[in-house]
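1. What follows is a predicted structure for the sequence shown.
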Amino acid sequence: MHISSFGAAGRVTGSKHVITTEKGTKILLDCGLVQGEGAVGEELNRHFGFDPVSLNYVLISHAHIDHTGLLPRLVKQGYRGPIFCNAPTKDLMDLMLLDSAKIQESDLGHLNKRRATKGLPPIEPLYDVEDVQQVFRQVEIMPMDGDYWELCEEVSVLCTRNAHILGSVAITLAIREGVSEKKFTFTGDIGRPGDQILSGPDAFPQSDIIICESTYGNRRHEPSKDAEAHLLRVVKDTCVNRGGKLIIPAFSIDRTQELIYLLDRLEHKGLLPKIPVYVDSPLSVNATAVMARHREEYNKEILDYITRDGDPFGFSNLHYISKVDESKALNNDSGPAIIISASGMAEAGRVKHHIANNIGDVNATVLIVGYATPMSLAGQLREGKEHVRIFGSEYDVRCRVEVMDYFSAHADYEEMLEYLSCQVPERVEHMLLVHGDSDALQAWQSRLLAKGFPKVHIMKMGEDYVC
C-alpha cells in the first residue's frame, strides 16, 4: 500500500491524501482548498500533484472548504468517479461549494480590475458554478449505520463520528491484500469531547495504519467552564463600557452555531446585555438551517435544552442577515453590536469588510475564536500584528484583539490522546501525521512516541510512503 499526501502535509489546510492499494486502486481522502497562504496557496490549488483522471474513488471526511474546496476543480480536470460523503456533509457541501465559487468570482473581479489597469491578463477562477453542479451529480451518500460497507472488491469502509463539525467522520478502510487484511484509519479533523452541540467523538476500530491530524499537537484549550464568563466579559467591555462593535470572524458551520447557542443561554439567564446580535453571512444563515434539520447528530445536553427552552439558535435580539444592503448598513450604524460573520480566518466574505471598517476604532474588538493560519488576516491579528493588509490596502490595528480558543472545533493534544485511547499503541504499525504546522507536528510526534506508538512519521508534501 502506498500513501501520498498532496495537501495538509507540513501545513494545516488543503487536505488531500491518495491511498494506492496493492492492486492499483486509487482512493482520494478529502479534496481541500489551501487557505491563507497567498501566492503559494494559489499555486498549490491550481496543481494537484496527481492526475485526477487516475483516481477511482473519493471519500470526504467533512464539509469544511479546506477538505472539500477543490472538488469542483477535480471534476473540472476530468474526475468522473463517485464522491462519497454522508447526508449532513452533502447538505453542507451543497451550500459551501456554491459559496466558494461565488466568492472566487467576486474576489477575482476586484483583483482583475486592478490587473487590467496594470496591463496584466485576468486570472481565471479555479472553478465555476457549473463545476460545482457536476460535483453534486457525482456525490453518493455513504451509510452511517455502524457497519462496514463495500467500496470495491478489495476495500470496505466504516465511518465513525468524530464531533468536529456536523457530519464529520473518521474513515476506516479494511483493505484486503492477498490473504491478509489491513485496517487503515484517517482521523479527519478530530473534534472535542463535550462539544456544545454534537455527540461524540466515537471510538474507531483498532488500526494498523493511521493518518492523524495534528492541529493542536502543542496546545491546550481554555477550560469550558471559563468560556461563558470570558465571552460575557468581552461583550460587556466592548459593547457596554466602550460602546463599540464586537466583530467575531467565525466559520459558518459549527463555530457560528456554538456562538449563537452560548449567547442564547446567556440571554435565557438574563445576563446578555440588550444589544443587537447579527449573524451576517448567507452561508451561516443557511448552515444554521441545515444544523437544525440534523438533530440525529446532537448530544443529550442540547436536546434537553431544546425541550426546556425551544430554539437554541434564536433569541429576541438575534438577527440573521443575508442581503448585501443590510450587511452594508451595519457599517453605517454607529451603535454597539455583536457581528458574527464568515470566514473564520477572515480570508474571504463579509467579515473582511467589517474588520476593515472597525480596525481603526479603539472602542471596537475583534474576537478570534479558533485556529487561523499565521498568514491569514485572523492569524495576523491573533499574533498581534500592528499593521495588516485588507483588500490590498494597509491598515493600522487600533482596535482590541481578543482570543478564545475554547471555540476551536479541533481537539487539543490531551483530547486527541483521549480520542486515540481506543487503540493499542503497539499494534499501530504506522502513525502518519498531517494537518499541523511544524511546531505542532513535532510536539505531537513526541507525545505519541512517549505513549508507546512505535513508528510516528511526519508526512511531507508529495511523499510516497510505503506501508
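-> Nice, I can see it. The structure displayed is predicted, hence computed values, not measured ones.
2. Could you tell me how far the lengthiest helix in the chain lies from the centre of the chain?
-> Longest helix in the chain, counting residues (DSSP state H): helix 87-117. Distance, stretch centre to chain centre, for helix 87-117: 16 Å (CA atoms, centre = their mean, to the nearest Å).
3. Quick check: next helix or strand after that helix?
-> helix 129-138 (DSSP states H and E).
4. For that next one, list every residue counted as buried.
-> Asp131, Val132, Gln134, Val135, Phe136, Gln138 (16 or more other CB atoms under 10 Å). C-beta: built from backbone N, CA, C; applies to glycine.
5. what's the answer for stretch 414-433, then?
-> Buried-residue list, stretch 414-433, by 16+ other CB under 10 Å: Glu415, Met416, Tyr419, Leu420, Gln423, Val428, His430, Met431, Leu432, Leu433.
6. Just the residues you listed: which are in strands?
-> The strands, defined by DSSP state E, take in His430, Met431, Leu432, Leu433 from those.
7. Go through those residues and name the one nearest Leu59.
-> Leu432 (16.5 Å; CB to CB).
8. ok so, going back, can you give me the angle the longest helix of the chain makes with helix 129-138?
-> 160 degrees (axes from the mean of the first three to the mean of the last three CA atoms, to 10 degrees).
9. Output the contacting helices and strands for helix 87-117.
-> helix 65-68, helix 71-76, helix 129-138, strand 139-141, helix 282-293 (3 or more CB pairs under 8 Å, 6 or more residues apart in numbering; DSSP states H and E).
10. would a markdown table of the ones you listed with mean pLDDT and distance to Ile165 be doable?
-> Shown next, in a markdown table, are the helices and strands packed on helix 87-117 (pLDDT from 0 to 100; distance: least, CB to CB, whole Å):
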| stretch | mean pLDDT | distance to Ile165 |
| --- | --- | --- |
| helix 65-68 | 96 | 10 |
| helix 71-76 | 98 | 17 |
| helix 129-138 | 97 | 19 |
| strand 139-141 | 98 | 17 |
| helix 282-293 | 91 | 9 |
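11. any idea which of those is most buried?
-> helix 65-68 (a mean of 26; mean count of other CB atoms under 10 Å).
12. how far does that helix sit from the chain's center?
-> That offset, for helix 65-68, works out to 7 Å (CA atoms, centre = their mean).
13. try stretch 52-61
-> On CA atoms, centre = their mean, the centre of stretch 52-61 falls 20 Å from the chain's centre.
14. my guess is Cys337 meets Val279, correct?
-> Rather than Cys, residue 337 is Ala. No - contact between Ala337 and Val279 fails when scored by CB atoms under 8 Å: they sit 11.5 Å apart.
15. what about the two, which has more around it?
-> Neighbours were counted for Ala337 and for Val279 using other CB atoms under 10 Å; Val279 has more, 27 against 20.
16. Quick check: mean pLDDT of the longest helix of the chain?
-> Throughout helix 87-117, pLDDT has a mean value of 87.
17. Now do the SS call for Phe313.
-> With DSSP: H, G, I helix; E, B strand; the rest coil as the basis, Phe313 sits in coil.
18. so who does it touch?
-> Counting by CB atoms under 8 Å, 6 or more residues apart in numbering, Phe313 touches Gln257, Ile260, Tyr261, Asp264, Thr288, Met291, Ala292.
19. For the closest residue in space to Arg389 that isn't next to it in sequence, which three-state class applies?
-> Leaving aside its sequence neighbours, Arg389 sits nearest to Tyr395 (CB to CB, 6 or more residues apart in numbering; 7.3 Å). The assignment at Tyr395 comes out as strand when based on three-state DSSP.
20. gap between Gly167 and Thr89?
-> 4 Å (CB to CB, to the nearest Å).
21. list the residues that contact both of the two?
-> Going by CB under 8 Å, 6+ apart, residues that sit against Gly167 and also against Thr89 are His62, Ala63.
22. Contact partners for Ala443?
-> Gly217, Asn218, Tyr413.
23. For it, give me phi and psi.
-> Note on Ala443: its backbone torsions stand at phi -70, psi -40 [degrees, to the nearest 10].
24. Please enumerate the helices of the stretch 101-250 of the chain.
-> Per DSSP state H, counting those that start in this stretch, the stretch 101-250 of the chain carries helices over the ranges 129-138, 224-235.
25. Show me the strands in the stretch 351-467 of the chain, by range?
-> Using DSSP state E, counting those that start in this stretch, the strands of the stretch 351-467 of the chain run over 365-368, 387-390, 393-396, 400-403, 430-434, 456-458, 464-466.
26. need those strands in CSV with mean pLDDT, can you?
-> Listed next are those as CSV, based on pLDDT from 0 to 100:
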stretch, mean pLDDT
strand 365-368, 97
strand 387-390, 94
strand 393-396, 95
strand 400-403, 95
strand 430-434, 98
strand 456-458, 98
strand 464-466, 96
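27. wait, which of those is closest to Asp145?
-> Here strand 430-434 is closest among the strands of the stretch 351-467 of the chain (CB to CB), at 28.0 Å.
28. and for the helix or strand hosting Ala329, what are the contacting residues?
-> Using DSSP H and E, Ala329 maps to helix 324-332. Contacts to helix 324-332, defined as CB under 8 Å, 6+ apart, come from residues Tyr278, Asp280, Ile321, Ala337, Ile339, Arg350, His353, His354, Asn357.
29. Look up how far Ile175 lies from the residue nearest to the third one when sequence neighbours are not counted.
-> Closest residue in space to Ile321, ignoring its immediate chain neighbours: Asp280 at 4.5 Å, by CB to CB, 6+ apart. In this view, Asp280 and Ile175 are 46 Å apart by CB to CB.
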